[in-house]
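Asks: need a structure here:
(4 chains)
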There are 2 protein chains.
Amino acid sequence: MKKVKINIRDIAKLANVSVATVSRVINGSPNVSEKTRKRVLKIIQEYDYHPSAFAQKLSKPRTQIVAFLIPYERGFILSDAFFPPLIKGITEVLDKKEYNIMLSMIESPYIPEKYISLYKRGIVDGYILANVKRNDPFLEILYEENIRFVSVGKVSTKLKKYPYVDTDNIKGAFDATTYFLEKGHRRIALIKGTHDYSFIQERYEGYILALKKYGIKPDPKLVVEESLTIDGGYRAMKKLLKITNPPSAVLACSDYMAIGAINAILENNWEIPEDVAIIGFDDLYIDGRIEPPLASVRQEIEEMGKEAAKLFLHILDSPTEFEPKILPATFIWRRSAG
Amino acid sequence: MKKVKINIRDIAKLANVSVATVSRVINGSPNVSEKTRKRVLKIIQEYDYHPSAFAQKLSKPRTQIVAFLIPYERGFILSDAFFPPLIKGITEVLDKKEYNIMLSMIESPYIPEKYISLYKRGIVDGYILANVKRNDPFLEILYEENIRFVSVGKVSTKLKKYPYVDTDNIKGAFDATTYFLEKGHRRIALIKGTHDYSFIQERYEGYILALKKYGIKPDPKLVVEESLTIDGGYRAMKKLLKITNPPSAVLACSDYMAIGAINAILENNWEIPEDVAIIGFDDLYIDGRIEPPLASVRQEIEEMGKEAAKLFLHILDSPTEFEPKILPATFIWRRSAG
DNA sequence: CTGAAAGCGCTTACAG
DNA sequence: CTGAAAGCGCTTACAG
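Replies: Numbers count the residues shown, from 1 in each chain, chains lettered A, B, ... in the order given. Model (predicted):
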């Protein structure tokens, strides 16, 4: 049966002390005699008393809640394997600091005001953002309003300095492309998404950089833009197979795209990696288990989550002294790469 | 620059009314003259005033926050495609009702008290739970404490009646098995996880029911238990290939397991579906794009999220009058099924 | 339609 | 070490 809700005053009466003393016990203040503390704690336990978080918050500056915002497009692949490990990493760090996570998946186009009110109404101490598009105005609003936030992904080119964590996408794409180059490939294609997302732009840059380093002039016909899905990869590869001088190697900007590309290649009765070698990006769980095993560039997603959470906790205390965190991207060889 | 935090009293003064009137305006009370309302709203806008959610909550019964709890095992495949659509569904419904979601991924073994305090401290109105193991004591605690919750998955055999949403797992497995039987298969194997999770138990039941309907005595050698991963499926299939009279058809309790099984079969130089037909479960995004395309049993995950959220909102008002919701599981034919 | 006042359940100087 | 009291920022009978 439910006992009626008990409050600090009840506990005070029962323990024969003032509410101030009970409050001190709750908050672990040293200014309480051991004897009193024991007595109060006993009553608290006995009556299963839990101080109201909201009432506590009312007299404290922080809420110990961070909003985790994930904007997404209609049709977005929500089964994307990116978020669960990210959330896990964030949770792991914040849990230890008794921080809670308020989750919002918000469909674009969205109204920033709605989500900023989470802060203005005092519900959250700030934001962790993921899947944000290049130069999404939300970041600038947060910045101007002086609201704490951490971005998963370097997404703004306008803000001078802001806290973010990211994978070294340029290096990742550079390494994968370089692998192809060292294997002797000269017709290397890039299958990519639109530049709406910064990581695509960066992977593109890494690809171009590697080509240039080998003195190869990028051929625009070898760079195909499509949606970041299996089907997008399939369509992109179909196009590449039709050009006069098709590529002997393909770097895809995501594993899903790579899987689609593989289907298109096999459908064409070409061999992988003999006729076309292929490398994906992200290193999804399934990569090593498909046929042929898909080489990829690994992101440390859970680690990114952890770093994002750490950075967030850090900027709460020192809003101006922080360093963005870039995590390594590691080329993982598997048979598809040749 | 940050303006100093403004409160209801400031607004009252600026608008030349009492705080009570401002409060009425905020809460859309009809007992305010149009003229006054306009004036107050103007001031509120002008000063970008946002009432403190915590202060409001202090004088209101509900917090408009629900905790979404996901217990998990170390090593659990967090890239599991199950959660993002589930979260999306939950969010979509709750957003409209201005409900927020407090997310907790909690590693087992966990201490229920820690998460129950979210409720006892007045932070959340209740819980939505996913990935809960069969007869997890957490549910019983919530039940006894009279705390509102909805379970994604029918997980308790001890509670008489409690609110849950689930997929019709028995029917799904029954249909898939029946498909095999109608195709003439008589040696049908089941690759499954442990009965820690109720959905495994149910899929097992569906499999057995179908066999019995066709008068086939289940052969224990054809039921293999492994971890719910690609590797688990691989190991399970390896075992099945070694038995004296190997199966001509395999139902796997998850698509990941099915993918592992496919690898084991191909490695053995058997043809799919000619030598062994195979059906997975869940209908992941990739299923139609692997080779051979993987038949599966579709769960309506996003829909489950929506129903879970609706059910939660419902039980807040009528804690005793509700119906658990079972969503259909649909067999999806693809080439692997033969 | 409006306001003064009590109340929600805490924390925290201040005084002793 | 302890308590009385003010304060956090709202809402809501109650009275007019």
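Asks: what are the ranges of the helices in chain A?
Replies: Using DSSP state H, the helices found in chain A span residues A:8-15, A:19-26, A:34-46, A:53-58, A:83-96, A:112-120, A:137-144, A:169-182, A:198-213, A:230-242, A:255-267, A:301-317.
Asks: per-domain residue ranges of chain A.
Replies: A:8-58, A:65-166+A:302-327, A:169-299+A:333-337 (automatic domain parsing).
Asks: Packed most tightly, which of these would that be?
Replies: Among these, domain A:169-299+A:333-337 has the highest mean neighbour count (mean count of other C-beta atoms under 10 Å in any protein chain shown), at a mean of 21. Glycine gets a C-beta too; all of them are placed from N, C-alpha and C.
Asks: hmm, that domain touching chain B?
Replies: Yes: Domain A:169-299+A:333-337 is in contact with chain B by C-beta under 8 Å from any C-beta of the partner chain, via A:230, A:234, A:256, A:259-260, A:263, A:266, A:284-286, A:289-291.
Asks: Any stretches of chain A with poor pLDDT?
Replies: The model of chain A has pLDDT under 70 over residues A:1-4, A:74-80.
Asks: Could you list the contact residues of it toward DNA strand D?
Replies: Contact residues, chain A versus DNA strand D (C-beta under 7 Å from any atom of the strand): A:16-21, A:24, A:30-36, A:55, A:58-59.
Asks: re the thing from before, could you dump the domains of chain A into CSV and include distance to residue B:132?
Replies: Formatted as CSV, these follow (distance: least, C-beta to C-beta, whole Å):
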stretch, distance to residue B:132
domain A:8-58, 23
domain A:65-166+A:302-327, 17
domain A:169-299+A:333-337, 23
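Asks: Show me the one of the ones you listed that comes nearest residue B:299.
Replies: Proximity to residue B:299 (C-beta to C-beta) singles out domain A:65-166+A:302-327 among these, at 11.8 Å.
Asks: now check the closest one, is it near DNA strand C?
Replies: No: Domain A:65-166+A:302-327 lies apart from DNA strand C when judged by C-beta under 7 Å from any atom of the strand; the minimum separation is 12.6 Å.
Asks: Just the terminal-to-terminal distance for that domain.
Replies: End-to-end distance of domain A:65-166+A:302-327 (C-alpha to C-alpha, to the nearest Å): 26 Å.
Asks: How far off centre is that domain?
Replies: 8 Å (C-alpha atoms, centre = their mean, to the nearest Å).
Asks: Check whether it comes near chain B.
Replies: Yes: using C-beta under 8 Å from any C-beta, domain A:65-166+A:302-327 reaches chain B at A:65, A:68, A:77-81, A:83-85, A:87-88, A:91, A:95, A:100-105, A:117-118, A:120-123, A:145-146, A:302.
Asks: Near DNA strand C, list only the ones from the residues of domain A:169-299+A:333-337 next to chain B.
Replies: Near DNA strand C, by the rule C-beta under 7 Å from any atom of the strand, you find none of the residues of domain A:169-299+A:333-337 next to chain B.
Asks: Of these, which is the nearest to DNA strand C?
Replies: Here the nearest of the residues of domain A:169-299+A:333-337 next to chain B to DNA strand C, counting by C-beta to the nearest atom of the strand, is residue A:285; it sits at 43.8 Å.
Asks: My guess is that closest one contacts residue A:81. True?
Replies: Yes: counting by C-beta atoms under 8 Å, residue A:81 is a contact partner of residue A:285 at 6.4 Å.
Asks: which residues does whichever residue of the stretch 51-200 of chain A sits closest to DNA strand D contact?
Replies: Proximity of the stretch 51-200 of chain A to DNA strand D (C-beta to the nearest atom of the strand) peaks at residue A:58, 3.5 Å away. By C-beta atoms under 8 Å, 6 or more residues apart in numbering or on different chains, the residues touching residue A:58 are B:52, B:54-55, B:58.
Asks: Residue A:289 reaches residue B:258, doesn't it?
Replies: No: taking contacts as C-beta under 8 Å, residue A:289 lies outside contact range of residue B:258: 10.9 Å.
Asks: From residue A:307, how far off is the residue of the stretch 201-338 of chain A found nearest DNA strand D?
Replies: Nearest residue of the stretch 201-338 of chain A to DNA strand D: residue A:316, at 18.7 Å (C-beta to the nearest atom of the strand). Remark: distance between residue A:316 and residue A:307 (C-beta to C-beta, to the nearest Å) = 15 Å.
Asks: same thing with residue A:149?
Replies: Relative to residue A:307, and taking C-beta to C-beta, residue A:149 is found at 14 Å.
Asks: What of residue A:284?
Replies: 21 Å.
Asks: ok, residue A:137 - contacts?
Replies: residue A:112.
Asks: pretty sure residue A:241 contacts residue A:266?
Replies: No: between residue A:241 and residue A:266 there is no contact under C-beta under 8 Å: 11.3 Å.
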